[in-house]
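1. Below is the sequence, then the predicted model.
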Amino acid sequence: MAVEPMTDQHNADVPENVAYANLTELAKELPYQLIGVGCDFEQTPIDRPFGYPAYQWIQSLEGTGKLRLGQQEYAVPPGHGMILYSREAHAYWSSDGPWMVHWISFDGNHVGPMLQKLGFGESGVHVISNTAVLAAHMHQALRLLSRQRPFTGLDGSVLIYQLLFDLHREVCVEGSPSRQDRALRLQPIVDYIDHHLDHVLSVDLLAQRMGVTAQHFCVLFKDATGQRPVEYINARRIKRAKDLLVSERDLHVGEVGRRVGFENNSYFSTVFRKIEGMSPRKYKDLH
């Protein structure tokens with residue numbers, strides 16, 4: 001198995017479905033860095049006795065690959081992916097004909113610690129629960145690197161940050177918390193929301209109650225509920241409003257909105273119409 005040469009990002013022979021970053025000095029200081037990407041790529045045999053100078057995620061599309069780490073070999077069939085730590089010896093190849101993959105490489109001082117926190121403590125092969133979500137990031141990375149605009153490095157940094165959290169959501173890591181476990185962790189926040197719908201419920205407030213940053217809270221919340229915090233809160237408020245419109249018919253529509261946390265009657269009507277397909281007044285009349 002031949003040792004793969006380092007790819008020159010300025011090589012004119014790089015195919016259209018592969019792109020490499022041309023990092024500026026500023027981009028090299030970013031905590032997350034997009035290095036390269038390949039989509040719908042026919043993987044050739046790779047042997048790296050000294051590893052690769054960046055982290056990699058390789059997602060199997062068609063055919064089956066084999067990954068060797070140390071003395072162990074692992075199958076990488078469709079619906080699986082492999083995370084490879086930087087500068088760690090490895091080899092991979094097709095085991096049964098053409099092996100089509102998506103791949104993305106990334107680096108930065110925060111990548112290693114973040115992978116550890118998200119449950120990816122070492123290189124390995126994992127089952128993917130939603131391949132489309134991760135594939136979308138890699139297609140976006142290919143479009144981004146193909147343009148090479150002034151802020152490509154910054155945009156690539158954001159993309160890698162998002163990719164890491166989606167790996168956490170969509171990849172099954174043995175021994176990592178299940179979605180059910182993460183949902184249970186959020187249950188006190190969900191209970192708090194239900195008991196305080198008539199109060200101001202900002203993301204900052206809820207994140208503070210949970211002891212995490214607002215950005216991380218939004219990721220955890222959507223992972224557990226399938227909705228962003230604001231979407232969930234509005235849905236719960238509209239459900240409560242529907243109950244009030246039917247059970248306390250003497251209440252003015254604006255008062256119903258205020259009782260469930262909408263200080264602005266116009267906004268209440270807009271959200272109600274978006275969720276229910278009709279105005280609060282029409283809903284009240286129909287029921």
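-> Alright, I've got the coordinates.
2. Quickly note the distance from the closest residue in space to residue 214 that isn't next to it in sequence to residue 227.
-> Distance criterion Cβ to Cβ, 6 or more residues apart in numbering; nearest residue to residue 214, sequence neighbours excluded, is residue 207 at 4.4 Å. Quick note: C-beta positions are derived from backbone N, CA and C, even for glycine. Between residue 207 and residue 227 the distance, using Cβ to Cβ, to the nearest Å, works out to 16 Å.
3. What are the boundaries of the helices in the stretch 51-200 of the chain?
-> For the stretch 51-200 of the chain, helices defined by DSSP state H, counting those that start in this stretch occupy the ranges 111-117, 131-147, 152-170, 179-195.
4. Name the residues of the third one that come out as buried.
-> Of the residues in helix 152-170, those buried by neighbour count under the rule 16 or more other Cβ atoms under 10 Å are 152-153, 155-157, 159-161, 163-170.
5. Repeat that for stretch 19-36.
-> Of the residues in stretch 19-36, those with enough neighbours to count as buried (16+ other Cβ under 10 Å) are 19, 20, 21, 23, 27, 30, 32, 33, 34, 35, 36.
6. Can you tell me which of those is closest to residue 281?
-> Lowest distance from residue 281 to those (Cβ to Cβ) belongs to residue 32, with 48.9 Å.
7. Dihedrals phi and psi, residue 201?
-> phi -120, psi 80 (degrees, to the nearest 10).
8. Tell me the pLDDT of it.
-> At residue 201, the model reports a pLDDT of 93.
9. With residue 44 as the reference, measure out to it.
-> With distances defined as Cβ to Cβ, the gap from residue 201 to residue 44 amounts to 53 Å.
10. And for residue 190?
-> From residue 190 over to residue 44 the distance is 49 Å, taken as Cβ to Cβ.
11. Have a look at these two and say which one is more surrounded.
-> Counted by other Cβ atoms under 10 Å, residue 190 and residue 44 do not tie: residue 190 has more neighbours, with 16 against 12.
12. contacting residues around the more buried one?
-> residue 225 (Cβ atoms under 8 Å, 6 or more residues apart in numbering).
13. and residue 208, that's in a helix?
-> Yes: the assignment for residue 208 by DSSP: H, G, I helix; E, B strand; the rest coil puts it in a helix.
14. need the contact list for it.
-> By Cβ under 8 Å, 6+ apart, the contact list for residue 208 is empty.
15. quick one: pLDDT of it?
-> Predicted confidence (pLDDT) for residue 208: 87.
16. What's the local residue count around residue 148?
-> Using other Cβ under 10 Å, residue 148 is surrounded by 12 other residues.
17. Which residue comes closest to it once chain neighbours are left out?
-> residue 22 (6.0 Å).
18. can you tell me which of the buried residues of stretch 19-36 are in strands?
-> 19, 20, 33, 34, 35, 36 (DSSP state E).
19. Need the max-distance pair from those residues.
-> In those, the most distant members under the criterion Cβ to Cβ are 19 and 33, with 14.1 Å between them.
20. hang on, the earlier thing: out of the buried residues of stretch 19-36, who's nearest residue 51?
-> Each of those was checked against residue 51 using Cβ to Cβ; the closest is residue 35, at 13.9 Å.
21. Phi and psi next, for the residue nearest to residue 148.
-> Per degrees, to the nearest 10, the residue geometry at residue 22, taken as phi and psi, is phi -110, psi 80.
22. Quickly note the distance from it to residue 164.
-> Remark: distance between residue 22 and residue 164 (Cβ to Cβ) = 22 Å.
23. Domain map for this structure?
-> Segmentation of the chain into domains, based on automatic domain parsing, reads 18-172, 177-287.
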